[in-house]
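In: Predicted coordinates and the sequence they were generated for:
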Amino acid sequence: DAKTTQPNSMESNEEEPVHLPCNHSTISGTDYIHWYRQLPSQGPEYVIHGLTSNVNNRMASLAIAEDRKSSTLILHRATLRDAAVYYCILKRGSTLGRLYFGRGTQLTVWP
Amino acid sequence: EAGVAQSPRYKIIEKRQSVAFWCNPISGHATLYWYQQILGQGPKLLIQFQNNGVVDDSQLPKDRFSAERLKGVDSTLKIQPAKLEDSAVYLCASSLDANTGELFFGEGSRLTVL
């Protein structure tokens, strides 16, 4: 499974933007970049995904580098509810939907 | 829309005992996954079903773990006999489309083996 590298932890203040980085230097042309987050005592939940172009949805934005070797999940205004572990995952077409999670980034949001 | 249902939420057993977890996926979701999440780690995929067939179980410790998805809807994951290192949260997830769909996770079943 393709590897991603994320910082172990990050901190932010409430209502400030948060940029969560992810490196995936071995990404292949058909790998999708997926982000999930896991709130305390809950299962992971889908946040966003993309292939080449930047993506926006109601939860976040995903900025993908031109060479696709890195990406950044952007939370535009962090809230206390955004405190979670964020996972950056490469999803390969050959794996029929299977997601392989790393350790993710623990985001702490301060009031 | 109802989410992925799992039970029990918590289970405490002694080593060498057996335990079973149940999962009911979102209606219409053909693909079902079981993950194991040990404290401080990301979820680890154990098995994937497509309808009632196994797509991948390469990471399932088959000497003690078994899973089935009869009739292509509900699924059960069994551990027999349990070991101390099986203490973890067991997460069930489902997706509508295995290739492009997002995964929807349940809240998990927390197992403690004493």
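Out: Happy to help now that I have it. Residues are numbered from 1 along each chain as shown, chains lettered A, B, ... in the order given.
In: which SSE is residue B:36 in?
Out: strand B:31-37 (DSSP states H and E).
In: what about that strand and chain A, any contact?
Out: Yes - using CB under 8 Å from any CB of the partner chain, strand B:31-37 reaches chain A at B:31, B:33, B:35. (Each C-beta comes from the backbone N, C-alpha and C, glycine too.)
In: how about the CA coordinates for that strand, as CSV?
Out: Backbone C-alpha positions of strand B:31-37 (Å, rounded to 0.1, in the frame of the first residue of the first chain) are rendered in CSV as follows:
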residue,chain,number,x,y,z
THR,B,31,-19.3,-3.6,0.4
LEU,B,32,-18.5,-4.3,4.0
TYR,B,33,-15.3,-4.0,5.9
TRP,B,34,-14.0,-5.0,9.3
TYR,B,35,-11.1,-3.0,10.8
GLN,B,36,-9.2,-3.4,14.1
GLN,B,37,-8.0,-0.3,15.9
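In: State the mean pLDDT of the next helix or strand after that strand.
Out: Of the helices and strands lying after strand B:31-37 in sequence (DSSP H and E), the nearest is strand B:44-50. Strand B:44-50 shows a mean pLDDT of 95.
In: contact partners of strand B:44-50?
Out: Here strand B:44-50 makes contact (CB atoms under 8 Å, 6 or more residues apart in numbering or on different chains) with A:96-101, B:30-38, B:54-57, B:59-60, B:65, B:67, B:69, B:72, B:75, B:77, B:98.
In: Now the buried members of those residues.
Out: A:97-101, B:30-37, B:55-57, B:60, B:65, B:67, B:69, B:75, B:77, B:98 (16 or more other CB atoms under 10 Å in any protein chain shown).
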